[in-house]
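Trainee: Sequence and predicted structure below; questions after.
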Amino acid sequence: MDNQHISTSALQSIKSIAVVGAGTMGLGIAQICVQHGFPTVLFDINPAMLTKAEQAIAAGLGKLVEKGKLTPENREAALQRLRTTADLSTVQADLIVEAVVEKLTVKHQLFQELAALNPPTTILASNTSSLPITRLAAPVPHPERVVGMHFFNPAPLMALVEVISGAATSPAVADAVHALAEQLGKKPVRAADAPGFIVNRVARHYYVESLKLVEEQVAPFTVVDELLEASGFRMGPFRLMDLIGVDTNFSVTSAMFEAFHYDPKFRPSRIQQQKVDAGHHGRKTGKGFYDYA
């Protein structure tokens, strides 16, 4: 398939969306989509995750009603646009956004399965924080329809979306995703397919240097958070890692460390590794750097 065929295809109008992965990011993306009028399928292999996601989306839309940003009628209409499934064979849409674990092999297998279930005009978008889009697309049939669409946590609140083109990505695909992000009320920016893209490359040292301060016993993590919040940051690095997921943050740092050929300035922290090994992943597990029990 050539780019001309893509540009004159169904990409001109994305009418249906699917989100794969019902974790924090996936459910947040699904909430945004149904809120803005798109019929959306949310898939996860774990039915319990889907139940939790439905409850979280209903609660998230409920908060918008309480704040006067959404009418009760529009909340109900949004919830009617959501369909959950644990059967991947039913995941078919004009655009599919994956929000699964940051492992290249997992994403490769997923995209190949989705490609077999959908027409070549279906856009396959990745919410990856750090994996190269070019590498993600390489084994996928019609790699020109693979693109990065990176939301930030919490997805319903954060305005920024990075749109990343790999070496094979069709300009029409990137344009369609950029336009969709605007329809979803977001502020999309184009990013090159470089490690960490824009935000994670810049933000990495907010975490890495803070972790080094704690490793070297310059200050406890609570003090680092307090000082940075007092200097104007909305959240200190350790509170932010707990919100994002200590495991997710560690995975992104590890991927960037490798992508930058083990440049020491991106070295992952032993303290963070220990948290991950202990299962202390932050708010989602009840314990991270802070205790949420």
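Mentor: Perfect, I can see it now. Everything numeric in this text was worked out from a predicted model, so none of it was measured.
Trainee: Could you identify the longest helix within the chain?
Mentor: helix 47-66 (DSSP state H).
Trainee: who does that one touch, helix- and strand-wise?
Mentor: helix 24-35, helix 72-80, strand 82-85 (3 or more CB pairs under 8 Å, 6 or more residues apart in numbering; DSSP states H and E). Yep, even glycine has a C-beta here, placed from its N, CA and C like the rest.
Trainee: how about Pro120, secondary structure?
Mentor: Three-state assignment for Pro120 (DSSP: H, G, I helix; E, B strand; the rest coil): coil.
Trainee: Disregarding residues adjacent in the polypeptide, which is nearest to it?
Mentor: Nearest in space to Pro120, with sequence neighbours left out and distances taken as CB to CB, 6 or more residues apart in numbering, is His142 at 4.6 Å.
Trainee: wait, the one you found sits on Ala116?
Mentor: No - taking contacts as CB atoms under 8 Å, His142 lies outside contact range of Ala116: 11.4 Å.
Trainee: any chance you could map the strands in the stretch 101-250 of the chain?
Mentor: Counting by DSSP state E, counting those that start in this stretch, one finds strands in the stretch 101-250 of the chain at the ranges 123-126, 146-151, 160-165, 187-191.
Trainee: any chance of the ones you listed in a markdown table, plus mean pLDDT, mean neighbour count and distance to Gln273?
Mentor: Below are these laid out as a markdown table (pLDDT from 0 to 100; neighbours: other CB atoms under 10 Å; distance: least, CB to CB, whole Å):
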| stretch | mean pLDDT | mean neighbour count | distance to Gln273 |
| --- | --- | --- | --- |
| strand 123-126 | 98 | 27 | 25 |
| strand 146-151 | 98 | 26 | 24 |
| strand 160-165 | 98 | 22 | 27 |
| strand 187-191 | 97 | 16 | 28 |
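Trainee: now those strands in CSV, with distance to Phe250?
Mentor: Formatted as CSV, the strands of the stretch 101-250 of the chain follow (distance: least, CB to CB, whole Å):
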stretch, distance to Phe250
strand 123-126, 19
strand 146-151, 18
strand 160-165, 20
strand 187-191, 22
